[in-house]
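**Q** Provide a 3D model corresponding to the input given below.
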Amino acid sequence: MSGQQTQFKAEFEAIFNSITDAIVFTDAKRQIVLVNPAFTKTFGYHLEEVSGRTTQIIYANPESYFNQGKTRYNETTLNSKTVYENEYRRKDGTLFPGETLGTQVKGENGELLGFLGAIRDLTERIETHKKLQDKIKEYELSQKLLKESEERFRALHDASLGGVIIHDGGLILDCNQGLSDITGFTNEELVGMDGLKLIAPDFLEIAIKKIKAGYSEKYEVEGVRKDGSTYPLSIRGKNISYKGRKARVITFQDITKEKQVENALREREEYFRNAFETNPDPVILAKLEDGSIIDVNTAFVQATGITRLEAVGHNSEQLNLWQDKGLRETFREQLQTHGEIKNLEADFNAVGGQVRTALVSARLITIKEEPCILITTRDITTEKEAERALIEMDQMKSDFISIAAHELRTPLTAIIGYTELILNTVGHTNQLSEEKKRDFLHEILSRGDALNRIIDDVLNVSRIESGQPLPLDLQKTSPLDLIDKTIEFYQLHDSRHCFRLELSDEIKETKLFIDRQRICQVLENLLSNAVKYSPKGSEIVLTGSLQPEGWQIAISDQGIGMSQEQLNRIFDKFYRANASSNLAPGLGLGMSIVKHIIEAHGGKIRVDSTEGVGTTVTFNLPNPAA
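**A** Below is the predicted model of the structure:
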């Protein structure tokens, strides 16, 4: 607070406290807000005893209090001032007659803020009147003087908390101490002065027009003090009869403090607007009564595709925002019951026909005495998808453990079984033939290799999960030799399918720096999948050619194919495209490992498939070594 503001506040309090009439200020409900020392002296009540209570406490007759409310404190008398007599009651119960000057206190927009009452104890005056009844001439004279005194009192009291001027043609005839306090001039300097000198030059034309027009409402100009400084000034004038002549009473009120409050409110409103507009979450401001939207922020427009113009005046039902209409009603009921809602999970229709999941929070607020709802929504669709993916991954890992146990047990059972058969014939006359022993040992070796491949897959996935690169033993290798040997193996061991090679001439002379064992693992995995998912008698084709990005190898089958959903997840760990079928046992690690092997070589891999037609897996390796 500036020094001038501090001085003004001190002077205001001094004036308020020095007024001899009992002054009471109430809010619009006639509840007491402020009283002066004269009020305490007159009624015996201190402010803390009456603050928040209605003025009925000082009325001798409660009925009179209600009658005054009907006749003087209502909309029809909103712009009037009234003087009336009434019987009042002190704290000690004694009664006294009083004269009250009541006036409404209004804001800049004309809204009713409260009432200001000045109460004068008439006990002494009434006794004086009784004594003067026998003195007719003195009584008539006193009445004339009293009338002039009352006119002056009413004129000056209109601005008892500010300055008052009574002027004729601009010449100041009389003024109160409040004007001196505001302007810095003494009363002697002010009386006889041209009152327009108290108005800043830029606002003189406005003031002159108001005076000539007899304007009686408040208006604002800039005032000038004796030291030349200016200040925001509220003026209100009224034509009156003063000492038998026409005059005009002007009230001056320094509104510096009000302007500061107004500016603070404007800044606060701007802060709220900025916070509302820049909030990254969609925010809605709506009426409680019907849910009609008052305003939305930019994030709402971006999330829903509904413009601010389209949203304002409509409710969420009309805009089709809620997926579950029943949940919208539950939301409104809970809000009206509890006054606020925190983190209600709901689905909403969003831009582009999407359905998004959000946490909705809301609370009741009041704007211009109307109950409203402030709603914020936080999109948690991504978090919900991640949560579902995590649950699904946990389920896949559980399935993996179960499948891994089965996949490990199957070759182990065979190994143990064949070994027991061989051991049981040792030392017996019923010996196995050498050919039979060789077959059993080949089976044991084959099942051991299967176990080794399962363990290798698990170890490879472990390395990938921990962020370690797959170790590569890069050697100059002939891709033709690698492909021939792999295809030859399948041709020897699988008579149910037809295998065909389509290789360009360049591949016969090509040497690549690759990990022979890893690329062999890729070919075996892809051929194995083609065999598993292709019908008997169908053809499996392996093609190889030189492309700008390197050597491209593709393996195509005429199998059952895959859906788009299966294609999207084909490289996920633990994912098995036909997990419910016994057609293709496995751990669901093969394609994930294949992808990492190809990428570790600097290549790329893709899968094209059509359900009921077949699948083609294509990968490329870097250009041949020089």
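**Q** For stretch 510-518, buried residues please.
**A** Buried positions in stretch 510-518, judged by neighbour count with 16 or more other CB atoms under 10 Å: 510, 512, 514-516, 518. From N, CA and C alone the C-beta is placed, and that goes for glycine too.
**Q** Figure out the length between the terminal residues of it.
**A** 18 Å (CA to CA, to the nearest Å).
**Q** export stretch 323-331 as PDB, just CAs?
**A** The C-alpha coordinates for stretch 323-331 follow below in PDB (Å, rounded to 0.1, in the frame of the first residue of the first chain):
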ATOM      1  CA  GLN A 323     -19.900 -43.100 -24.500                       C
ATOM      2  CA  ASP A 324     -22.000 -44.300 -21.500                       C
ATOM      3  CA  LYS A 325     -25.100 -42.100 -21.100                       C
ATOM      4  CA  GLY A 326     -25.900 -43.700 -17.800                       C
ATOM      5  CA  LEU A 327     -22.500 -42.800 -16.400                       C
ATOM      6  CA  ARG A 328     -23.200 -39.200 -17.400                       C
ATOM      7  CA  GLU A 329     -26.300 -39.100 -15.200                       C
ATOM      8  CA  THR A 330     -24.300 -40.800 -12.300                       C
ATOM      9  CA  PHE A 331     -21.700 -38.100 -12.700                       C
END
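**Q** tell me the secondary structure for the residue positioned nearest the centre of the chain?
**A** The C-alpha lying nearest the average C-alpha coordinate of the chain belongs to T376 (CA atoms, centre = their mean; 4.0 Å). Look at T376: counting by DSSP: H, G, I helix; E, B strand; the rest coil, its state is strand.
**Q** ok, now which ones touch N297?
**A** 276-279, 282-283 (CB atoms under 8 Å, 6 or more residues apart in numbering).
**Q** One more: L501?
**A** Contacts of L501 (CB under 8 Å, 6+ apart): 483-484, 487, 541-544.
**Q** For it, list each beta-bridge partner.
**A** L542 (DSSP bridges).
**Q** how near is it to V541?
**A** According to CB to CB, to the nearest Å, L501 stands 8 Å off from V541.
**Q** Same check on T381?
**A** Counting by CB to CB, the gap from T381 to V541 is 43 Å.
**Q** Pick the one among the contacts of L501 closest to K130.
**A** T543 (128.7 Å; CB to CB).
**Q** was I right about the closest one contacting R500?
**A** No - counting by CB atoms under 8 Å, T543 does not reach R500; the two are 9.0 Å apart.
**Q** Comparing these two, which residue is more hemmed in?
**A** Neighbours were counted for T543 and for R500 using other CB atoms under 10 Å; T543 has more, 16 against 11.
**Q** what's the closest non-adjacent residue to that one?
**A** E502 (4.3 Å; CB to CB, 6 or more residues apart in numbering).
**Q** Tell me how many other residues crowd that neighbour.
**A** 11.
**Q** ok, it touching G544?
**A** Yes - in this structure, E502 is within contact of G544 by CB under 8 Å, at 7.5 Å.
**Q** Now T486: which helix or strand?
**A** In this structure, T486 sits in helix 479-493 according to DSSP states H and E.
**Q** For that helix, buried residues please.
**A** Buried residues in helix 479-493 (16+ other CB under 10 Å): 479-480, 482-483, 486-487, 490.
**Q** Where neighbours are concerned, which of the contacts of N297 has the most?
**A** Result: P282 is most packed of the contacts of N297 (other CB under 10 Å), 25 neighbours.
**Q** got the contact list for the residue lying closest to that one once chain neighbours are set aside?
**A** Of all residues not flanking P282 in the chain, F300 sits nearest, at 3.8 Å (CB to CB, 6+ apart). The contact partners of F300, by CB under 8 Å, 6+ apart, come to 282-284, 306, 311.
**Q** and if you look at E262?
**A** E108.
**Q** Name the residues of the helix or strand harbouring it that are buried.
**A** Applying DSSP H and E as the criterion places E262 in helix 256-278. Of the residues in helix 256-278, 256, 276 count as buried by neighbour count, 16+ other CB under 10 Å.
**Q** tilt between the helix or strand that that helix is followed by and helix 256-278?
**A** Using DSSP H and E, the helix or strand that follows helix 256-278 in sequence is strand 283-287. Orientation note: strand 283-287 sits at an angle of 120 degrees relative to helix 256-278 (axes from the mean of the first three to the mean of the last three CA atoms, to 10 degrees).
**Q** Show me what strand 283-287 is in contact with.
**A** So strand 283-287 is in contact with 276, 292-297, 299-300, 311, 315-316, 367, 370-377, going by CB under 8 Å, 6+ apart.
**Q** Buried ones from these, can you make that a PyMOL selection?
**A** Here is the PyMOL selection string for the buried members of the contacts of strand 283-287, based on 16+ other CB under 10 Å:
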select buried, resi 276+293+294+296+297+299+300+311+315+316+372+373+374+375+376+377
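**Q** Please name the residues that touch I605.
**A** I605 neighbours (CB under 8 Å, 6+ apart): 594-595, 598-599, 617-620.
**Q** Any idea how far the helix or strand encompassing R606 is from the middle of the chain?
**A** R606 belongs to strand 604-610 when assigned by DSSP H and E. Distance of strand 604-610 from its chain centroid, counting by CA atoms, centre = their mean, to the nearest Å, is 44 Å.
**Q** Note down every partner strand of the helix or strand that it is followed by and its orientation.
**A** Using DSSP H and E, the helix or strand that follows strand 604-610 in sequence is strand 614-621. Paired with strand 614-621 in the same sheet, following DSSP bridges, are strand 550-556 (antiparallel), strand 604-610 (antiparallel).
**Q** Which neighbours do T543 and R500 have in common?
**A** With CB under 8 Å, 6+ apart as the test, T543 and R500 reach no residue in common.
**Q** Tell me the confidence at I540?
**A** Listed pLDDT for I540 reads 92.
**Q** which ones are touching N315?
**A** So N315 contacts 286, 290-293 (CB under 8 Å, 6+ apart).
**Q** can you name the two of these that are farthest apart?
**A** Those two in the contacts of N315 that are separated most widely, counting by CB to CB, are D290 and I293, at 10.1 Å.
**Q** What residues does the residue nearest to L503 when sequence neighbours are not counted make contact with?
**A** Leaving aside its sequence neighbours, L503 sits nearest to G544 (CB to CB, 6+ apart; 4.5 Å). Counting by CB under 8 Å, 6+ apart, G544 touches 479, 483, 501-504, 507, 551-554.
**Q** Name the residues linked to the residue nearest to the centre of the chain by a beta bridge.
**A** V283, S361.
**Q** pretty sure it is touching P282, no?
**A** Yes - if you go by CB under 8 Å, T376 and P282 touch, sitting 7.2 Å apart.
**Q** Please, which helix or strand holds the closest residue in space to G184 that isn't next to it in sequence?
**A** Excluding its sequence neighbours, the residue lying closest to G184 (CB to CB, 6+ apart) is K226, at 3.6 Å. K226 belongs to no helix or strand when elements are defined using DSSP H and E.
**Q** what about G550, how many neighbours?
**A** When neighbours are counted by other CB under 10 Å, G550 comes out with 18.
**Q** again with the one 10 residues further on
**A** Using other CB under 10 Å, I560 is surrounded by 20 other residues.
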